[in-house]
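Trainee: could you work out the structure for the sequence below:
(one chain, ligands or ions: 1)
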Amino acid sequence: MSIRFDGKVAIVTGAGGGLGRSHALELARRGAKVVVNDLGGSRDGSGGSSDAANKVVEEIKALGGEAIANGSSVTDDAGVAHMVKQTMDTFGRIDILINNAGILRDKSFSKMEIADFQLVVDVHLMGTVKPTKAVWQIMRDQGYGRIMVTTSSTGLYGNFGQTNYGAAKLGVVGFINTLKLEGQKDNIRCNALAPVAYTRMTSDLMPPEAEKMLSPESVTPGVMFLVSEDAPTGMILCAGAGVFAAARMEESEGVFLGGDDLSAEKVAANWEKISDFSNAAPYFMGGEQTGKFFKLATGGK
Ligand code: NAD
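Mentor: I've put the predicted structure just below:
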């Protein structure tokens with residue numbers, strides 16, 4: 001079964017280069033009308049120009065596709081409102097939002113200024129929340145929407161020098177954990193991508209030989225599935241070098257340590273059982289965890 005996007009309209013943020021450009025081109029090749037958003041700034045988020053977005057629009061047109069450029073910052077309320085208005089005025093609907101824009105301000109936590117932390121959280125987390133909020137009601141009214149956020153192995157697992165980035169990147173996963181529930185009745189599905197690719201963002205962190213193997217094009221096929229009609233919801237897809245894996249949070253079975261005679265020492269004495277992941281399970285929503293707690297505390301009834 002081929003995955004097509006004929007008649008669908010997609011916004012891709014940060015699509016002037018790297019992964020976003022690759023996602024935008026492939027959406028267009030598969031029939032989508034694409035809004036190529038990019039602020040066109042430097043890797044640390046300074047500066048800006050609409051050249052990057054315009055260039056990708058030209059590439060899409062050269063393929064015979066339809067696209068428009070938008071140079072707004074995903075953190076700017078008026079800019080995001082303009083991007084959505086421009087999309088609706090030009091194409092009349094919004095089916096897909098790929099939140100991809102991002103910057104880095106790496107430093108060990110002891111050297112990091114709060115301003116560097118704040119800016120990275122603003123771009124990755126609020127720069128995902130604001131475009132999503134701006135398309136949400138449109139997707140609800142349509143009874144159709146596919147939203148992707150871009151997380152990172154740093155958010156899921158950690159990386160030296162990236163406390164700001166990791167906090168923001170796990171933030172977007174927390175965001176879709178609830179958004180997937182709120183979107184369910186209107187057929188809005190929300191997923192996260194954790195990519196690895198050789199781009200402007202990572203080129204000085206990777207050996208040059210990695211360029212070919214870790215191409216953005218080796219990640220994009222996973223994105224096409226995550227924003228397709230048959231997309232799952234609430235999933236984290238990890239992708240790089242043509243390898244695809246799913247990540248999830250899970251919780252150990254847990255142990256009831258008693259009601260009246262609880263103590264810190266009892267927690268310490270039972271640490272092995274508490275942290276035994278052999279029967280771990282994932283949950284689709286927080287309430288399922290509360291249900292388990294009741295069950296264990298009342299002897300499994
Ligand atoms: P990239 O630097 O090539 O692309 C990011 C794009 O976002 C740039 O074109 C930039 O101009 C744009 N951008 C930055 N701030 C913006 C803003 N405020 N508004 C609009 N556009 C803005 O990097 P990339 O590697 O293609 O990264 C894409 C996404 O993937 C990012 O969210 C990044 O954190 C994530 N990611 C990348 C990797 C990797 O290995 N490359 C790993 C994990 C996560």
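Trainee: any idea which helix or strand of the protein has the worst average confidence?
Mentor: Ranking every helix and strand in the chain by mean pLDDT, DSSP states H and E puts helix 210-213 at the bottom, with a mean of 90.
Trainee: what residues sit buried inside that helix?
Mentor: residue 210 (16 or more other Cβ atoms under 10 Å). In short, each C-beta sits where N, CA and C put it, glycine included.
Trainee: residue 267: neighbouring residues, count only.
Mentor: 12 (other Cβ atoms under 10 Å).
Trainee: and the stretch 1-150 of the chain, which residues reach the ligand?
Mentor: Counting by Cβ under 6 Å from any ligand atom, the residues of the stretch 1-150 of the chain close to the ligand are 13-14, 16-20, 37-41, 43, 45, 52, 73-75, 100-103, 123, 127, 150.
Trainee: render the CA-only coordinates of the least confident helix or strand of the chain in PDB, please.
Mentor: Provided in PDB are the C-alpha atoms of helix 210-213 (Å, rounded to 0.1, in the frame of the first residue of the first chain):
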ATOM      1  CA  ALA A 210      28.900   9.700   9.000                       C
ATOM      2  CA  GLU A 211      27.500  12.100   6.500                       C
ATOM      3  CA  LYS A 212      26.400   9.500   3.900                       C
ATOM      4  CA  MET A 213      25.100   6.900   6.400                       C
END
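Trainee: is the ligand within reach of it?
Mentor: No: under the criterion of Cβ under 6 Å from any ligand atom, the ligand is not reached by helix 210-213; the shortest gap measures 9.7 Å.
Trainee: after that helix, next one along is what?
Mentor: helix 220-226 (DSSP states H and E).
Trainee: quick one: residue 68 from the ligand, how far?
Mentor: Distance of residue 68 to the ligand, given as Cβ to the nearest ligand atom, to the nearest Å: 15 Å.
Trainee: kindly report the same for residue 121.
Mentor: Taken as Cβ to the nearest ligand atom, the span from residue 121 to the ligand is 12 Å.
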